[in-house]
Structure formats: structure tokens, C-alpha cells
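Colleague: Pasting a predicted model and its sequence here:
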Amino acid sequence: MSKVNPKFAIELSKYGSNDFHACFNCGNCTATCSLSNAEDSFPRELIRYATLGLENELKASLKPWECYYCGDCSIQCPRQAEPGELMMSLRRWLTSKYDWTGLSGVFYRSLSVTILAFVLIFAAVLILADSFAWNLQNMMHVGHLFEMTVIFMVLLVIFIPNLLRMWYFTILKPNVKAHPKIYFIALSDLFVHMFTQKRMKDCETKDNFRWLEHFILVIAYLSLLFTTVFLNWFNTESLFVVILGYVESFFIFIITIDFVSSRINKNKALNKFSQLSDWLFVIWLMIMGLTAFFVRLFIDTGIIENNKWVYIIHFTILAQWALIIVPFGKWTHFLYRSFAMYFSKIKSLAIAQ
Amino acid sequence: MKERIGVYICHCGGNISDYVDVEELSKMFYKEDNIVVSKNVMFVCADSSQKAMIADIQEYKLDAIVVCSCSPKLHLHTFRNVAACAGLNPFNYVQVNIREQCSWPHSDHPHEATVKAAGLIRAGINRVSHSESLENIEIEVKKSALIIGAGVAGMKAAIELARSGNEVFLVEKDYFVGGHIAQKGQLFMSDQEGKDVITSLYHEIKKYPNITLFTGSTIEKVSGSLGSFHIELKVKPRYINPRVDKQTVKSVMDECPIEIDDPFNLGLVKRKVIYKNYPEALPDLPVVDAEALKVFPDFVAKYKSVLNLTEEEQIISLMAGSVLVTTGYDDYLPKEGEFGYKTLENVITLPELNRLMELNPNKLVYGGKEIKSIAFIYCVGSRQSKGENRFCSRQCCTSAIYTSLQLKKKYKDIQAYHIYRDIRTYGKQEVLYEQSSKQGDLYFKYEEKEMPVIEREGKSLIVKIKDYLTARKQLEIETDMVVLVTGMMPRKDALQISELFKIPVGSDRFFNEIHPKLKPVETVIKGVYIAGACQGPKNITESVQSSLAATSKIIALLKKGSFSADPIIARIDMDACSWCDKCAEVCDYSALKMIEMNGKMVAGVNKAMCAGCGICAPVCPENAIEIAQYTDKEIEAMIDGFLAKLEINEKEGGSDSTPKESAIRMEEYPQVWKEILAVMKDGKYTIPQIAENSKLNSELVTYHLMTMNKYGIVVPDGMDDKEMYYYYKENEDSH
Ligand SMILES: Cc1cc2nc3c(=O)[nH]c(=O)nc-3n(C[C@H](O)[C@H](O)[C@H](O)COP(=O)(O)OP(=O)(O)OC[C@H]3O[C@@H](n4cnc5c(N)ncnc54)[C@H](O)[C@@H]3O)c2cc1C
Ligand code: SF4
Ligand code: SF4
Ligand code: SF4
Ligand code: SF4
């Protein structure tokens, strides 16, 4: 027996979706969605849960992560209930539910808190620079250390507990009995989805270009991370690493530029409604690529000493990215989505047993 | 006995002649003595054939005709007209149906079909030779109409009937006009207030001196028939002196000490025993509940100039040419315990909620508590697959949804839950459904086999439902109030009206029209019409539409001043009749009454009321009754004719004419077909084009082309750009 809660709609509207009440359950959206199938049927089912405020059912569901927001359902909906946007909002809402700190929810819901956090980080960077008497060498060294530590801390303190929570909500609580062997077998799915976004290619309205862009962006981003953190790009003598870094940051910049412009033009269904978190994600990624590129360029042209501000900006962007967007913002979707595919594989294998 | 009979046997373009040997039959009957003309015709109903028949009747001085073709339902009047045009009495014509009764049902036995057709035609010839010339019955129609029920349907009809100059008697059972609409607040789709609609209709009625409104009145007796119905009315008194000024009456009302349940407000509040349904109710004169006031003699004595408790009921007689029944419907009243009605607090019906909203303009309060959420349960008392109300009440979905929109507008913060079986907001009403969803109303779907259950839990009600929109999950809805969306029912006292006027009721117990599509406001009783919700569930638009349809029928009837009826009715042999009363007992139309004839009591037939059904004839022990056109002589002659021995030669190869084979045997086709096909060789043509190119007469082309079409030798291929003629082309498959 589940209790109907009409107030849930108010909460969900803070994560973006406002129109889902218009739904009259015709099922056109589910019929159109090329990723939905008989076993995993959506988005109508989730619209229904959202309308009735059945939070437990929503929390236990992995389906929001199976949607890649092609927007076909929203185009077909006869009531303009924007089912695709609801799926997106549910992903944001779920992110905030998985996050044990609750900060994700705060950042999603409140613009002023988000701005405040960004400003504070900027101030901290300035204070730090000042304490090093604006010595670039030292600052870069600290920056490098910072990057390393944060990666591990975020993984340890935020991501691992959150993924465990996600596992609890979707596997443990709904009583899915899966043999440890299954966890191992399903691992391949996790990696395939994490690095290739394979499902996006399953969409019928295949946008191969978008998929390719996305794919390159993920690879470029991850390898730039590797290049800066482990190959120490800003400090390396290896010509190969230097060029590698240039290429990577160039790709990041070009692709994010395209993403930003399509959000501005709203030329695709998925770009019709952009939330703060969507803007922050692409813009910060773009500036990060750009400033990294310039920092290295200034080093190579020897003008960095007179233009320390480039590094200050790069470092600020990096810190904001690593402390807010990665652990609490849209970046997490990358992680949750792959794990959702992993968990749902586990679920289906467990049921098949 | 008729001596010069014409027999016309139709091919029906092959429909008949493919199986019944019409040529042989026409030759056979031609040999008989009293038959002057016997023809077989491609399409007997075609204009040219009709003209030829008229010429025959006049040229050969025919005294009767028999047309052997299709059902009389199709062409009885066509050939009656043919006879009349030729100067022959239309009743000296008999229709024999050899298509529906011979060629179609016996297509597998063409010879037997021909034999049967011969028997039927012979019977028809025998019948027509005994036929009498009859004249239509002309009935005088009084220029007045009686309307029963002053709801929206009746009021609108009264205005339109009066506008075209007729005397109108509008009879209302209640003391105030308006029917159900007066009880509603705003109405869907016009957003007008129900009482405003009634007020404006009432003022319009008052503009016509030829409308007499009787309130507090019921029909007691009805006699007579179309043209002159005699009606007896009982008018109940208001027990109040109409000459006293309004101010005084009002002060007496205010001072009145007793309060009783208020049926107009569905028992939600009490009312005085000197009352109006609502302050603006019309006519603007209160009514006194005399019984209740009798126990207060002092009060009555004090205001004896105003109160008049000794006033008596009146019986009034009226004459009306036609009657319109607009008695409306009753709201379904849930049984005790049905979804917690009367057994759980805060479970009410939709009409009750509508009154409650009228009584609570600012804050929705019930039982002392403000209502913040309402669950509507749909289809209560309607669509019962096992109960007696199988129909859908048609307007309640829209009404519940519209009410929900009103709730939000009026009281702002209120959550509505709609628990439905299907949403039937047809036509323009669909937009209301969308608005309601978008304002945040929640919808749930249940099935009749798994009804929602309502329980009380603390201060709230809990509705437990198996929701078909959520994979039949068990859900609980917590709500302050449950509203049962009750449907429309036939009036409890509808049977009384039905008996008085002999209006049939359907299995749903609403009044029945003759045909829901073709005669939607006519009843089998001539001159009696029905409209509005007494026919079945309708919203206001639909009620008024039917009421105006009935009105225009009545206006046409009254305008002529007379009515021409079929003369096929019962007649009494005065000498044989001994007035035993047996016939009157069986007559469903009350057409038989005792009359005095030359000092003798005999049965008399009311020509306007008799439907010619014939039930009375066989029950008469004296055999004193016969029905025109169905006299014993005619019927016996038909039987003789049908049984007479016949010699018919079996047609060669008659039984294998299926379309496919016909198409293959192309060479055998008549010259005309070859000529037509020659013209059509290189493309598609319309009939006029073929006629022109082939130099054939266009009627001939029509007949043959239709037959060729039937056999698949040609096929239609679109229309010309004026959409006047079809194109035909040769069928490739037929080679
Ligand atoms: C809850 C509810 C809400 C509705 N809301 C709307 C709306 O918003 N919009 C809309 O279009 N429709 C609405 N409807 C439908 C509307 O009420 C009907 O279409 C309309 O009332 C039908 O009118 P009527 O004149 O046929 O019948 P009625 O309104 O029933 O009037 C019949 C009249 O005949 C009188 N009468 C009955 N028997 C006799 C007798 N034997 N002798 C003399 N008089 C008699 C009655 O007293 C009454 O005055 C609603 C219906 C319901 C149940
Ligand atoms: S297509 Fe629109 S109205 Fe239909 S079920 Fe999906 S969201 Fe609801
Ligand atoms: S946005 Fe695309 S993938 Fe997501 S639910 Fe709609 S149709 Fe399916
Ligand atoms: S109109 Fe709607 S509520 Fe009324 S009986 Fe029909 S389906 Fe049920
Ligand atoms: S024919 Fe029928 S309607 Fe006419 S009087 Fe006889 S029983 Fe009555």
C-alpha cells in the first residue's frame, strides 16, 4: 500500500520539471522511446510515480538513468507534459537523494548558495596565492598536489558512500538477491557504459555526431586529467606530453563550445530547458580547457611570469570544478549513469536466475 | 373486383433478375384475364420507369397496380405517388417484395426463388383486385401546445412555440421554475450561473401573453388525441395572498418561527415553512407549507391578511393540439453505505457539493471543518454492468471536472483527486479535462470489479484504490471529503406520465423516442413529443437542442391546422358489434371507446388515435372489426393466391450466375455492353461522357454500367472535379 503525496510535485519542480501534471497516461511517450522495452518500461511509469509522489518507488528505480534525453517522448506527448524533462529532473533529484551530504540538493535548488560557494572558493584561491606571495612555481606545485588529493578525497568521501547508497536504494532495499558472481560478470557493462555511452547509440533517432562529440569529450577530459595529474603537464619536459595536453584541451574547448551554443539556441529537445547545473557544467568545462591551454601556451612562450592571472583563473576554475561540480553537480551523472547500467544488469541477471 | 390490373416486375439491376426469372414471370402473368399490362423493368423506381407506369395507367385505363420489387419500407410512397399522379387511388396499389423475400435469401435456389416470387405476386394480384379506394383522414389540430415540466428544455420550448403565435400551457410541478439548473452554480461550458439562465428565460416567457404558466401543478387526466388533447390539471395553492405587497410578505417570512429540512438544498440546511427555493426564485411569490404551519394557530391568526390556509386546490381543464413532455431527470441517490454514503461523515454527492459551494462563497466548510482536499468517485449509480442503470450519465465526468476547476478558482488551496472508470469529456469539454490536469488535479482509474473502498482514519477519510494507471498498485489517498459523482436517473414519477399519455419507456426506464437517429423527439403516440433529459442523460446544450427539434415539429403541425393520417385503421360493423368491451381492453392506443349509434351501444374508433395495429380484430367475438387494406376478403384472397398451383419452366443454367464466371463469359454479353466497353477502351469516363461517345441514351448507360459494375466488368475510379460523376474504367481483372 503506497500513500499518494500531491506535495511531491512542489519539491520536484525545484529540480526543473513543472509540466508533468498535464500527463493523462496515454502512454505515447513509452511507445516512442526507443530505449524503453517490455521489461524496462518508461517514461510514463515514472511520470505516474512523480505525479502521485511515490518517492520510494522513484528512489528504487534505475530507469531515469536509462534515458539519454533524446527528447522524442516530449515531441510526441499530446499534452505537452515534457516527459523527457521529467526524466532529467528525476536524475537531478536522485543525485540529491544518493548524496549523503545533502549538498547536491542544496546546489540544485538554490542559486544563491551556489554563487556563494563559487565566490568563497575564488576568495580562498586568492588568499592561498597571497600566502605564497604570488610565487608561481609554488602555486603550481600546490595546485598539482591539490588536484591529486581532491581526486582521491572526492572518491573516498563522496563517491564511494554515495554509490553505496545508490546500491542500497536500488538493489538492497527492493530485495534483489544477487550472487556475488553476478556482480563480477556485470562489471564489463559498467566499463563499457562508463567510457562509451553505448546506449546513446541505441536511440532510434540516432544522433551519431552527438554521440561522437560526447565520446571524444569524455576521453579528452579523462586523459587531460591524467596528463595534468600524473604526467604533470604544466611541468613536463616531454614534447609528447606537451602536445598531448594541447590536443586534449583543444578538443575539450571545441566540443564544449558546440554544447554551449546548442543550449543557447535550444535547437534540440534536450536543450529546451537548461538548469543552472547544466550551464555550470559545460561552461566550466569549456573555460577549464581554455585556461589550461593558455597556461601551457604562456609557459611555452615564456610570458607566464608576467601573466600570473591566467594561472589564478585556471586554478579557481579547477577548484570550483573539483569541489562543487564534480562531487555535487552534473558531473556525477557520468558516474551514476554507468553504475545504473551496472546495477540494472545485476538486477536482470538476478531475476533471470 | 379489379379488371384492369398492371403488374411491374423489377430486375433491380440483377439483384432480383439474377435469381428470379422475371421475364418468365411477366410473360406468365400477362396471360391472365384481368391483367392488362405485365412488364419486367430494369429499375422500376427509376424516373423513366415511373413515367412509363403513369403513361400505362392512363393509356390502358388500369384500375389497380402491383409493383414487385423491394421492401415497401423503401418505395411504398414512391408508387402511391405514381398512382396518384396517374389519377388512380393510391390504395389501389400493392407492393410485393421479391428481393428481400426471394432473390436475396434464396440466391442458392433460383428456381425455388422464382416459384416463391410467383406465389407472392399472385397473392398481391388477388389482394389488389379486392382493394378499395381510400382517402387519408384529415384531423383538425388546435393551435395550442401543452408543455409538461418547466426546466430549461420546457421553458425554451414555450418561448419558441409562443413566438410563432401558438397558445402555450406550461405546467410545472414545483412552485418555482427552472428544474435542476436552478440548483447549480456556474455551468459548463458557458460559465453562466444556472439561476441567471433561468431568470432570463422566465422574463422572456413573461413577455408572451400567449404563454400560461401553471406552477405547483400536475396533470391528472388526459383524453383525446392528436389535434385535441383534453387535459385536466390540478393546481396546488400557495396559501399566500398575492395582493399583499412584497415587503410585508418578506417580514412575515423572516418572522416565521419554524424551520424544516430544505429539499432544494438537498438537506444541507434548514428552511422556513414560508419559503422560496432561493431568494431570486421565480415566480417571485413565496409558498406556505400549510401542514407544518397548522400547529402554530397564533402565528396564522396574527398574519391572516397575508396567509390564506383555507385556499383550495383547483382543477383546470385545457385543450391542446399537441403535447411536449420535458419532465427531466432525478439525481441518482446512493444507497445507504454505498461508498460510505450516510454512514461515513463527509461523504456527499456531486449535486450536494454544488449546493454546498453555492452556500459557501468564501471558504468551503462542511460539518464545521474547512475542506482542503476532495476525492471524486465517478460513475456512482451509472454504468452498472449488473445493476439497473447500465447507461452512462454522459454529463457527470464533465460536471465533476468543471466543479473541480471551480473549487480551485473559488477556494484557491484545495487538492482534488479524480477516481474514474473512464473520462468521457467528449467534444469541446475535453479542454476542461486538460485544464484540470494542468492545475494539479490527480487522476486514478478503477475498474468496476475492484471498487474503491472508503474508510475513516482519525480526522480524514482514506480512499483505498487499485489504480489501473499505476500497474494496479494499491494506493491510499488521504482526503477531507469524498464526493460521489452521481448520475442521472429517470424520474420516479415518470411512469405516471407514461401511463397518462401512453409514452413507451425503454429498458433504461427513460421515455423512448421512435428512432434515436431518424425520429429523435417523436413518440409512437401521434402529437406527443419528448425532449430534454426525460429521454435520457443530456447536458443543457443537448437538452435544448432536442427541445427545439420537438418545437419545430410541433410548430409545423400546428401551423397547418390539420393533420393527414393514413386511412389504414380499424372499422366497426355497427350491426354486428354488441359492445362487449373486449377490443377496448386490448387496444394499446386507447382508440376504442363505447359510443351510441342509433340507440345502440357499439365500439367507436378514434381515427386520430388508431394506429391500425390490428390487435382488436381477432379478439372480437362477433367478427365486427376489420382493418382497412387488411380486410378478411383481401387476406383470404392472398392466401388462395399464394397456394394456387403454378407451372414455371426452369430457366437453363439459371443457378450458376456468380459474378466471377459472368466476367469470364464476356462474349455472351449484350451488344450494349460491348458498345460501352468499346468507348471505355482507352481510359476512364463518366456516364454522360460514355453516353455521348456511344450515342446511347444516358439512362440505358446508367442501368447497364451499374450492372457491369456489379459483375466487376468495370470499376469506379474517382470522381470528376465537380464531384458530380464517378469515373469508370474497364476492370483489368475481368479478362
Ligand atoms: C451534478 C450535475 C451538474 C450539471 N451541470 C451542468 C452544467 O454545468 N452544464 C450543462 O450543460 N449541464 C449540466 N448538467 C445537466 C443539466 O442539469 C440537464 O441537462 C438539464 O437540467 C436538463 O434539463 P431538463 O429541462 O430536461 O430537465 P430538468 O432540469 O430536470 O427539469 C424538468 C422540470 O420538469 C418538472 N417536472 C418533472 N415531472 C413533472 C410532472 N410530472 N409534471 C410537471 N412538471 C414536472 C421538474 O420539476 C423540473 O422543473 C448537470 C447535471 C448534473 C447532475
Ligand atoms: S505522452 Fe505525455 S500524456 Fe501521454 S503518458 Fe507520456 S507524458 Fe503522459
Ligand atoms: S528522452 Fe528519449 S530516452 Fe528519455 S525517456 Fe524520452 S524518449 Fe526515452
Ligand atoms: S459521464 Fe463519466 S462519470 Fe458519468 S456515468 Fe459516464 S463515465 Fe461515469
Ligand atoms: S387497430 Fe390497434 S390501435 Fe386501432 S383500434 Fe384496433 S387495437 Fe386499437
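Modeller: Structure's in. What do you need? Ligands and ions are numbered 1, 2, ... in the order given.
Colleague: B:Thr326 contacts B:Ala145, correct?
Modeller: No: shown here, B:Thr326 and B:Ala145 do not form a contact pair, counting by CB atoms under 8 Å, at 11.5 Å. Using the backbone N, CA and C atoms, a C-beta is placed for each residue, glycine as well.
Colleague: give me the residue from chain A nearest ligand 4.
Modeller: A:Phe24 (14.7 Å; CB to the nearest ligand atom).
Colleague: B:Val482 - nearest residue in space that isn't next to it in sequence?
Modeller: B:Val347 (4.6 Å; CB to CB, 6 or more residues apart in numbering or on different chains).
Colleague: Tell me how many other residues crowd that neighbour.
Modeller: Applying other CB atoms under 10 Å in any protein chain shown, we find 23 residues neighbouring B:Val347.
Colleague: For it, which residues are in contact?
Modeller: Going by CB atoms under 8 Å, 6 or more residues apart in numbering or on different chains, B:Val347 touches B:339-341, B:454, B:461, B:481-482, B:484.
Colleague: again, only using 6 Å
Modeller: B:340-341, B:482 (CB atoms under 6 Å, 6 or more residues apart in numbering or on different chains).
Colleague: again with B:Tyr727
Modeller: B:684, B:686, B:717-718.
Colleague: Could you restrict these to the ones contacting ligand 1?
Modeller: By CB under 6 Å from any ligand atom, no member of those lies near ligand 1.
Colleague: Mark which of those are buried, thanks.
Modeller: For those, a neighbour count by 16 or more other CB atoms under 10 Å in any protein chain shown gives the buried set as B:684, B:686.
Colleague: could the contacts of B:Tyr727 be laid out in a markdown table, adding distance to B:Leu475 and secondary structure?
Modeller: Shown next, in a markdown table, are the contacts of B:Tyr727 (distance: CB to CB, whole Å; DSSP: H, G, I helix; E, B strand; the rest coil):
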| residue | distance to B:Leu475 | secondary structure |
| --- | --- | --- |
| B:Lys684 | 62 | coil |
| B:Thr686 | 64 | coil |
| B:Asp717 | 58 | strand |
| B:Gly718 | 55 | strand |
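Colleague: In terms of distance to ligand 2, which of the contacts of B:Tyr727 ranks first?
Modeller: B:Gly718 (37.9 Å).
Colleague: Find the residue closest to that closest one in space, skipping its chain neighbours.
Modeller: B:Tyr727 (5.3 Å).
Colleague: did I read that right, the one you found in a strand?
Modeller: Yes: B:Tyr727: assigned to a strand according to DSSP: H, G, I helix; E, B strand; the rest coil.
Colleague: That one and ligand 1, how far apart?
Modeller: 47 Å (CB to the nearest ligand atom, to the nearest Å).
Colleague: Roughly how far does the residue nearest to B:Val482 sit from B:Val483?
Modeller: 8 Å (CB to CB, to the nearest Å).
Colleague: and the residue in chain A that ligand 1 sits nearest to, what does it touch?
Modeller: Nearest residue of chain A to ligand 1 (CB to the nearest ligand atom) works out as A:Phe24 at 21.6 Å. The contact partners of A:Phe24, by CB under 6 Å, 6+ apart, come to A:79, B:437.
Colleague: Apply 10 Å and report the result again.
Modeller: Applying CB atoms under 10 Å, 6 or more residues apart in numbering or on different chains to A:Phe24 gives the contacts A:77-79, A:81, B:423, B:433-434, B:437, B:443, B:469.
Colleague: helix/strand/coil for the closest residue to chain B within the stretch 151-300 of chain A?
Modeller: When scored by CB to the nearest CB, the stretch 151-300 of chain A has A:Pro174 as its residue closest to chain B, at 14.4 Å. Following three-state DSSP, A:Pro174 is assigned to coil.
Colleague: what residue ranges in the chain are flagged as low confidence?
Modeller: Defaulting to chain A. A:203-206, A:269-270 (pLDDT under 70).
Colleague: Can you look at chain B instead?
Modeller: Applying pLDDT under 70 to chain B picks out residues B:651-669, B:734-735.
Colleague: just the residues of it that are near ligand 1, which are they?
Modeller: B:148-154, B:171-174, B:179-181, B:184, B:187-188, B:218, B:326-329, B:331, B:350-351, B:354, B:395, B:399, B:402, B:488, B:491, B:493, B:497, B:532-533, B:538-541, B:543.
Colleague: how close does B:Lys39 get to B:Ser460?
Modeller: Distance of B:Lys39 to B:Ser460, given as CB to CB: 85 Å.
Colleague: what's the answer for A:Glu11, then?
Modeller: Taking CB to CB as the criterion, A:Glu11 is separated from B:Ser460 by 22 Å.
Colleague: what helix or strand is the residue of the stretch 551-700 of chain B found nearest chain A on?
Modeller: Per CB to the nearest CB, the residue of the stretch 551-700 of chain B with the smallest distance to chain A is B:Thr551, at 39.0 Å. For B:Thr551, the element it lies in under DSSP states H and E is helix B:540-560.
Colleague: Buried residues in whatever helix or strand comes next after that helix, which are they?
Modeller: Counting by DSSP H and E, the next helix or strand C-terminal to helix B:540-560 is strand B:562-565. For strand B:562-565, the neighbour count (16+ other CB under 10 Å) marks B:563, B:565 as buried.
Colleague: Which elements pack onto strand B:562-565?
Modeller: Judged by 3 or more CB pairs under 10 Å, 6 or more residues apart in numbering or on different chains; DSSP states H and E, strand B:562-565 is in contact with strand B:137-140.
Colleague: Please name the strands paired to the strand it packs on in the sheet, noting orientation.
Modeller: Sheet pairing for strand B:137-140, assigned by DSSP bridges, gives strand B:562-565 (antiparallel).
Colleague: Send me the partner strand as CSV with only the CA atoms.
Modeller: C-alpha atoms of strand B:562-565 as CSV (Å, rounded to 0.1, in the frame of the first residue of the first chain):
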residue,chain,number,x,y,z
SER,B,562,-54.9,19.8,-39.7
PHE,B,563,-53.1,16.5,-39.9
SER,B,564,-53.4,14.0,-42.6
ALA,B,565,-53.3,10.4,-41.3
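Colleague: Identify the residues contacting it?
Modeller: By CB under 10 Å, 6+ apart, strand B:562-565 touches B:135-141, B:226-227, B:321-322, B:526-527, B:557, B:607-612.
Colleague: Same question for stretch B:244-259.
Modeller: B:240-242, B:269-276, B:279, B:284-286, B:288-289, B:292-293, B:295-296, B:298-299, B:302-303, B:305-308.
Colleague: can you give me the helices for the stretch 251-353 of chain A?
Modeller: A:276-301, A:308-320, A:326-328, A:331-352 (DSSP state H, counting those that start in this stretch).
Colleague: Break the chain down into its structural domains.
Modeller: Using chain A. Domain assignment for chain A by automatic domain parsing gives A:8-98, A:103-352.
Colleague: Let me rephrase: I mean chain B.
Modeller: B:5-134, B:144-235+B:318-328+B:491-561, B:246-310, B:335-489, B:576-627, B:658-734.
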